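Enquirer: Curious how this folds, go ahead:
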Amino acid sequence: MQTLPLQVSISINEKIFLKDPESSDLGKKIIAYSIDMIHELGFENFTLRKLGKEISSTEASIYRYFESKHKLLLYLTSWYWSWMEYRLIFNLANILSPYERLERALNLLTEQVKEDGNFKHINEVKLHHIVISESSKAYLTKDVDKENKDGVFAGYKQLVARMSSIIREINPNFNYPNMLVSTVIEGIHHQRYFAEHLPRLTDKVKGEDSIIKFYKEMVFKVLKEEK
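Expert: Purely as a prediction, here's the structure:
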């Protein structure tokens, strides 16, 4: 039986930031407005200078928290994955059947995100859209190996590992649980993006969320066939 935390706290690797944005009102403002602006402008058109103007502060004050906009994106995506892991723990608590836990986990990963009232300075719906469209830019870089050694992708890895452990319960002989989970997560992002922008690359079925249904069917069929 898993014990749920009494207070909701999202832990982020300290190597991502210079000063913890959760430690001050300005830091929280930086996070809140950066989510709004990246969601509206896209990561390429977003700059720390524009952010400074938006929050009526100096660019230099933002650099006290993050050394670059890349590190700010790493913070946002890391926060999202840690938040998703927290939600996973909460939703799977006291569920004994690994089949039911896996189905709930897949629902959580594929469903449209709603705002969480525990974090007033973070719009999780907009952050979800950022993760769908921009999160690959956090690791498709020349510095990915160094940043990986620094542990900045730990939140994503922990979420994958938690789901992989459920898959191993269902089918201990399945050799590719991490690959399956990461493929599902990245595929979901692509399909949500396609559905909004390139609809001919995905499928819509009247009366259902075809993305949720497709990935649930795929995962359980793969595990059944590999037994």
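Enquirer: what ranges do the helices span in the chain?
Expert: Under the criterion DSSP state H, helices of the chain are mapped to 25-41, 48-54, 59-63, 69-92, 98-110, 124-134, 144-149, 154-170, 177-197, 210-225.
Enquirer: elements contacting the second one?
Expert: In this structure, helix 48-54 makes packing contacts with helix 25-41, helix 59-63, judged by 3 or more C-beta pairs under 8 Å, 6 or more residues apart in numbering; DSSP states H and E. Every residue, glycine included, has its C-beta placed from N, CA and C.
Enquirer: In this structure, what helix or strand scores lowest on average pLDDT?
Expert: helix 210-225 (a mean of 92; mean pLDDT, DSSP states H and E).
Enquirer: which secondary structure elements does that helix contact?
Expert: helix 98-110, helix 177-197.
Enquirer: With just CA atoms, put the longest one into PDB.
Expert: Just to be clear, that refers to helix 177-197. Provided in PDB are the C-alpha atoms of helix 177-197 (Å, rounded to 0.1, in the frame of the first residue of the first chain):
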ATOM      1  CA  PRO A 177       8.700  -2.200 -20.800                       C
ATOM      2  CA  ASN A 178      10.700   1.000 -20.800                       C
ATOM      3  CA  MET A 179      10.600   1.100 -24.600                       C
ATOM      4  CA  LEU A 180       6.800   0.500 -24.600                       C
ATOM      5  CA  VAL A 181       6.100   3.200 -22.000                       C
ATOM      6  CA  SER A 182       8.300   5.900 -23.600                       C
ATOM      7  CA  THR A 183       6.900   5.000 -27.100                       C
ATOM      8  CA  VAL A 184       3.300   5.400 -25.700                       C
ATOM      9  CA  ILE A 185       4.100   8.700 -24.000                       C
ATOM     10  CA  GLU A 186       5.800  10.300 -27.000                       C
ATOM     11  CA  GLY A 187       3.200   8.800 -29.400                       C
ATOM     12  CA  ILE A 188       0.400  10.300 -27.400                       C
ATOM     13  CA  HIS A 189       2.000  13.700 -27.700                       C
ATOM     14  CA  HIS A 190       2.400  13.300 -31.500                       C
ATOM     15  CA  GLN A 191      -1.200  12.200 -31.900                       C
ATOM     16  CA  ARG A 192      -2.600  15.100 -29.800                       C
ATOM     17  CA  TYR A 193      -0.500  17.500 -31.900                       C
ATOM     18  CA  PHE A 194      -1.600  15.900 -35.200                       C
ATOM     19  CA  ALA A 195      -5.200  16.000 -34.100                       C
ATOM     20  CA  GLU A 196      -5.000  19.800 -33.600                       C
ATOM     21  CA  HIS A 197      -2.700  20.700 -36.500                       C
END
